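A.B. asks: pasting the sequence and the predicted model now:
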Number of protein chains: 4
Amino acid sequence: MTMSRESYLECIVAIPKPNYNPPFNITRASHSVLHVKDLAKSRAFYVDLIGLIVSDEDKDTIYLRGVAEACHHSLVLKRAGAPQSERIGMRCFTEEDLEKARHYFAKAGLPAQWVERPYQGRTLHVSDPLGVPLEFCATMTLKPRLLVTFEKHHGAVPHRIDHFQVLVPDVQRELEFYTGLGFRLSEYIAADGSDDPLFVFLQRKGNPHDIVFAPGSGPRLHHAAFSIPESYHFFYVCDLASNLGFAENIEYGPGRHGPGLALFIYMRDPDGHRIELFNTHYQCMDIEDEPVRWDASVAGKRRWQLPARAMWFAEASRFAGVEPREPAHNGNPMTLERYVGAAR
Amino acid sequence: MTMSRESYLECIVAIPKPNYNPPFNITRASHSVLHVKDLAKSRAFYVDLIGLIVSDEDKDTIYLRGVAEACHHSLVLKRAGAPQSERIGMRCFTEEDLEKARHYFAKAGLPAQWVERPYQGRTLHVSDPLGVPLEFCATMTLKPRLLVTFEKHHGAVPHRIDHFQVLVPDVQRELEFYTGLGFRLSEYIAADGSDDPLFVFLQRKGNPHDIVFAPGSGPRLHHAAFSIPESYHFFYVCDLASNLGFAENIEYGPGRHGPGLALFIYMRDPDGHRIELFNTHYQCMDIEDEPVRWDASVAGKRRWQLPARAMWFAEASRFAGVEPREPAHNGNPMTLERYVGAAR
Amino acid sequence: MTMSRESYLECIVAIPKPNYNPPFNITRASHSVLHVKDLAKSRAFYVDLIGLIVSDEDKDTIYLRGVAEACHHSLVLKRAGAPQSERIGMRCFTEEDLEKARHYFAKAGLPAQWVERPYQGRTLHVSDPLGVPLEFCATMTLKPRLLVTFEKHHGAVPHRIDHFQVLVPDVQRELEFYTGLGFRLSEYIAADGSDDPLFVFLQRKGNPHDIVFAPGSGPRLHHAAFSIPESYHFFYVCDLASNLGFAENIEYGPGRHGPGLALFIYMRDPDGHRIELFNTHYQCMDIEDEPVRWDASVAGKRRWQLPARAMWFAEASRFAGVEPREPAHNGNPMTLERYVGAAR
Amino acid sequence: MTMSRESYLECIVAIPKPNYNPPFNITRASHSVLHVKDLAKSRAFYVDLIGLIVSDEDKDTIYLRGVAEACHHSLVLKRAGAPQSERIGMRCFTEEDLEKARHYFAKAGLPAQWVERPYQGRTLHVSDPLGVPLEFCATMTLKPRLLVTFEKHHGAVPHRIDHFQVLVPDVQRELEFYTGLGFRLSEYIAADGSDDPLFVFLQRKGNPHDIVFAPGSGPRLHHAAFSIPESYHFFYVCDLASNLGFAENIEYGPGRHGPGLALFIYMRDPDGHRIELFNTHYQCMDIEDEPVRWDASVAGKRRWQLPARAMWFAEASRFAGVEPREPAHNGNPMTLERYVGAAR
């Protein structure tokens, strides 16, 4: 499935060294903030179908969390005129880490600004070098963990947010930047016979993903992923989707990933924002763990019979106020679709 | 999902009345006999992947059963030059029922001939009016039921054979013939606004299926179905298929049926014979149970997102020595594919 | 697990021959009627916890069915001063079978009386030779089958009634009587080295159970069983029970049966009536199927570590108006508990 | 389930503050080393029943890992005359952390010694203040992660080691020591109305457990726990245990924990060493997460019906060369059993 160790060492030149002394401590993917046109429709999707728990809501905003989460929210839905992704959120461990983050971004000439956000401690808004709008906070209001409050479990019974996937025009640039922030590369896809990482899985929290960068017109948010451990619920949520009028929202799956190794379903919410439901991930936190390399032709092969749809590759949510750019690779854009398409 | 009771009564003219005093007692779908080109490859598929239990085998034949079956076999694989379906088997309850069956078929001018088959009691070969080759027997050699012999469970852990689906050029003719034999119609699909049953689910054993007739060039065996109760195993068998080199053999699914209501996966064996794995069925044995009618446009809608592939409609196993005929319906063949295709 | 075929044939003298031409056609276990003291409490148990569907209810009665049932009810709860079992219900296939049943019971000098019961066709009340009060009907009002109405699935998602277990002072007598009615013996427990059937599993519908007789002071209803196919729901219903205040009502399990082979949980309702939740059963309808014999010492061994509680053996629901009698077996009552107790 | 925030703050005096700048970086529970009398019997238990993967073995030692582990081993079995626990292993992140650990233990007057162990990087043997023998290493030989190598999955399909539970005569002492090493308290049990932590769950890796200390004669190893995410496998492993002659080795469960919230089964290996199989844990890594307090009377209540057996409280594996001491608490030993026993 992976190349030999020798080939691996040859090709590793494009893979930056891990940074074990990061400038500040990001601990995990935290939350995403989405603009939606009709809160009632979004609530029907995220609460009645998916089973996320409402932590708070008013006429303009719904704050949601998974049943295993004690933090206030891992998804924020805001009523807005256009369906966009506002920001993706990361946790820093301490307030001191937030201060260090502000200095780091400012020094790098990148936007960094303090804001107040409900139910979050002091919050820092930054943008990465390709313009992905991030927000960092160190704390949130605590809510009860409903992991064994079985009478409130519903739909897919999502446990917690796991990761984001973002389309960007320059994956190598993001790989270098996030490695500098202490992210470790768990897996990556490279074009067959090439050293260039095409698709990178980066993590801080000790399992394979916190943020994934894939090649494409961007930055655009491809999806936020929530974990569901029990395979039974993959079927149940599809069945329930069909009954509740969301059959068309099941975009891809159930199926089994190549990279990442998990079961998955991708669904589109009423505004077209994509979420992934997937099952539990392997632990990776030892220093000897090496990034797993996949040839694009292998990674793109369906493990079962089900091919990804074209729209799964092409469509994603724009970030508010950020104009996507096309990948520019010597006039030869290496999109995953191209390589994966070739592999079939 | 179903039409109103009034519409139902209007359209029921094409549906023959059940026959509660059948000429002889068929109890259930029993077994199928398939010709395969390479027994070793077929064994890898049916035993190593699917998990059927080998009851007996020699260089020319493999006899297989599910883990919940005490009968000797529900699938017989014979080495042969061409991949065909030899016959489908039904159980009659007693030897006396077999005698009655012989008289019934002879009187109807249909083939009926005694044969000897290993591990089966006296066996009767007949053909139905459209040429489907059947074999009836009343007993088989007993084998241990391995339902709780968990150390021998493997793959999808198939419990037992459930039903057959056969493509025929004249579904109405088969509906009338099998109703005459005491089969009850559990569900059927009719063209929207029409009374003609397009696709019929017939049963003797008290759940929805023993034999299903669908419109198409035939008679050809579309599939034999085996039951697997646990949804976990639907994923496991796909994963195992992928690892054992059978990814391409997963034809359709996992998904949820409209008619029949079950979870399903369709797989093609190394010779292209199709099997269905599906989960447990509802009981239907009360006299007040009415056939459930589905409009073709509704039945053909995918319940999840996954469309059936064209080959799922078009391809099937020929019966040995039986030339398929095309449906002839006033030059306007009502194939399911046509209606279902229109529904998407 | 079972004795050798030779030993089996030796001991079979106490086992009556099956009757393949029964005096009338009973098709299956149908429903039970229970007296309960507080309908609201019972509803909390059967609907909010177990997940049975309410077909109809008024201030005195609740009619319940499983999600896979199209018949109106498989459990009737009636408000009453004392928690008793009123009757257990069986289905006859036709109205004509009901007539034949009335003649048969009358001729045998047993009670047989026509009554009217809501949502049931003409209903016959009879008592068997040991006084078990039965009711037969051929039809019920039809209700929608909710098998894929996933948004109404709840708790254990019980599919359908499967069987009853009744404690009686003379198992041999019941075995002979019900065999005469066409019931087939699927499995039985005999005292080690003895021919006397101690515990008998009898069926009409083609899987191992419709009615089970076990030795003890009786007749008393030990339990009615509902089928749940997915093992996930065994855990879920225990978890939900604990959260909804019913932890003490989980009496025994989850565990795996010896005879019958299924996963099980036994629960006591708020009045102490017992239900079993168990998973799907093997098909047994072929004429060559032999009753499976279990030595009491083997049958009584726990398959996992969990021993049955004393109350599981001792406690059961009285039938209204029927005084239980003690088993009288030469002053040496062969209760299962005695043999099973010895086996540990 | 937990006390109010006010009560919590009152009682927190006995709970030491977390140390976010630990003297060296322990990342996770890593492995345990057990002495067993008969390697073949142990292999039958751990490999044929539980489904751990053999990384290496010779006539004296077997190295095992879970299917999701890329590290060489999480369980080492050594042939020896007496069944004891040799050591429990923890991972430090870097070689530099190992050096810091050596200094830390030496300065504290505790044993600390470099050793060589096969398939591990440089290894440090230390003992904690109560004599628990630990070994730290920063690296192991890498092995393939078999998470999607489904054809090698077997038994309970254990994913990875999760935590240890150790009985000690002074839980408070261990709580203070391990908090000093940077462990965070995720949950704890306190005697009703008391501030003394009776039972403490400590973690480094971001879920509730790496090491748990419970009161009792010790130090003794109560169990090592392996994670299995799918509830289906809880039943399957019990069924398989029964068939493979290990029914008596199922000690407690399947059941649902109070503290920790997971499904569990406890099994005893052929030498009496205990393992826990349990399902996936919630993430806890945010700075605002507070330790969850449980009253002993609540924590000890069975969530389902199943009580823990006396031996589950009383029996544990001695550490090689370490004489257990009894808890001495003003002549009033607060064992969990005493409080839990009282709660029933």
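C.D. replies: Structure's in. What do you need? Since we're looking at a predicted model, the values are computed, not measured. Residues are numbered from 1 along each chain as shown, chains lettered A, B, ... in the order given.
A.B. asks: and for A:Val47, nearest residue in space, chain neighbours not counted?
C.D. replies: Leaving aside its sequence neighbours, A:Val47 sits nearest to A:Val54 (Cβ to Cβ, 6 or more residues apart in numbering or on different chains; 6.0 Å). For glycine as for every other residue, the C-beta is placed from the backbone atoms N, C-alpha and C.
A.B. asks: so that neighbour bridges to which residues?
C.D. replies: Beta bridges link A:Val54 to A:Leu64, judged by DSSP bridges.
A.B. asks: strand partners (parallel or antiparallel) of the longest strand anywhere in chain A?
C.D. replies: Looking across chain A with DSSP state E, the single longest strand is strand A:26-36. Here strand A:26-36 is paired, per DSSP bridges, with strand A:75-79 (parallel), strand A:85-92 (antiparallel).
A.B. asks: tell me which of these sits most buried.
C.D. replies: The highest mean neighbour count among the strands paired with strand A:26-36, using mean count of other Cβ atoms under 10 Å in any protein chain shown, belongs to strand A:85-92: a mean of 23.
A.B. asks: pull the number of nearby residues for the residue lying closest to A:Leu244 once chain neighbours are set aside.
C.D. replies: Leaving aside its sequence neighbours, A:Leu244 sits nearest to A:Leu49 (Cβ to Cβ, 6+ apart; 5.5 Å). A:Leu49 has 23 neighbouring residues, counting by other Cβ atoms under 10 Å in any protein chain shown.
A.B. asks: could you do A:Asn21 as well?
C.D. replies: 5.
A.B. asks: mind checking how far it is from D:Met285?
C.D. replies: Using Cβ to Cβ, to the nearest Å, we find A:Asn21 at a distance of 19 Å from D:Met285.
A.B. asks: in the stretch 1-150 of chain A, which spans are helices?
C.D. replies: A:5-11, A:39-43, A:95-107 (DSSP state H, counting those that start in this stretch).
A.B. asks: now do the first one, average pLDDT.
C.D. replies: It stands for helix A:5-11. Taken as a whole, helix A:5-11 has an average pLDDT of 47.
A.B. asks: what sits closest to A:Glu288 if chain neighbours are left out?
C.D. replies: Nearest residue to A:Glu288, sequence neighbours excluded (Cβ to Cβ, 6+ apart): D:Thr139, at 4.5 Å.
A.B. asks: hmm, the one you found is touching D:Thr27, no?
C.D. replies: No - contact criterion Cβ atoms under 8 Å: D:Thr139 and D:Thr27 do not qualify, at 11.5 Å.
A.B. asks: what touches both of these two?
C.D. replies: Common contacts of D:Thr139 and D:Thr27 (Cβ atoms under 8 Å, 6 or more residues apart in numbering or on different chains): A:Asp286.
A.B. asks: start and end of stretch A:78-87, how far apart?
C.D. replies: For stretch A:78-87, the first-to-last residue distance is 12 Å (Cα to Cα, to the nearest Å).
A.B. asks: who's in contact with the residue in the stretch 51-200 of chain A that chain C sits nearest to?
C.D. replies: Going by Cβ to the nearest Cβ, chain C is nearest to A:Phe150 of the stretch 51-200 of chain A, at 4.6 Å. By Cβ under 8 Å, 6+ apart, A:Phe150 lies in contact with C:236, C:239-240, C:243.
A.B. asks: where does the prediction get shaky in chain A?
C.D. replies: Chain A contains residues with pLDDT under 70 at A:1-13, A:305, A:328-344.
A.B. asks: can you list the residues of it near chain C?
C.D. replies: Selection of chain A residues close to chain C by Cβ under 8 Å from any Cβ of the partner chain yields A:148-151, A:230, A:232, A:236, A:239-240, A:243-244.
A.B. asks: 10 Å - rerun?
C.D. replies: Chain A has residues A:48-49, A:148-155, A:157, A:230-233, A:235-244 near chain C, with proximity defined as Cβ under 10 Å from any Cβ of the partner chain.
A.B. asks: and the residues you listed, which are buried?
C.D. replies: Buried members of the residues of chain A next to chain C, counted by 16 or more other Cβ atoms under 10 Å in any protein chain shown: A:49, A:148, A:150, A:153-155, A:157, A:230-233, A:235-244.
A.B. asks: is any residue of stretch A:267-287 near chain D?
C.D. replies: Yes - legend: contact between stretch A:267-287 and chain D by Cβ under 10 Å from any Cβ is shown at A:279-287.
A.B. asks: would you map the helices across the stretch 201-344 of chain A?
C.D. replies: So, for the stretch 201-344 of chain A - with DSSP H, counting those that start in this stretch - the helices run A:232-243, A:296-299, A:310-314, A:336-343.
A.B. asks: now the ones you listed in JSON lines, with distance to chain D?
C.D. replies: Formatted as JSON lines, the helices of the stretch 201-344 of chain A follow (distance: least, Cβ to the nearest Cβ, whole Å):
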{"stretch": "helix A:232-243", "distance to chain D": "8"}
{"stretch": "helix A:296-299", "distance to chain D": "13"}
{"stretch": "helix A:310-314", "distance to chain D": "21"}
{"stretch": "helix A:336-343", "distance to chain D": "18"}
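A.B. asks: right, and those helices - which one's nearest D:Gln203?
C.D. replies: helix A:232-243 (26.3 Å; Cβ to Cβ).
A.B. asks: the closest one - contacts with which helices or strands?
C.D. replies: Contacts defined by 3 or more Cβ pairs under 10 Å, 6 or more residues apart in numbering or on different chains; DSSP states H and E place helix A:232-243 against strand A:250-256, strand A:263-268, strand A:274-278, helix B:232-243, strand B:250-256, strand B:263-268, helix C:232-243.
A.B. asks: just the angle between the fifth one and strand B:274-278, please?
C.D. replies: By that I understand strand B:250-256. Angle, strand B:250-256 to strand B:274-278, by axes from the mean of the first three to the mean of the last three Cα atoms, to 10 degrees: 20 degrees.
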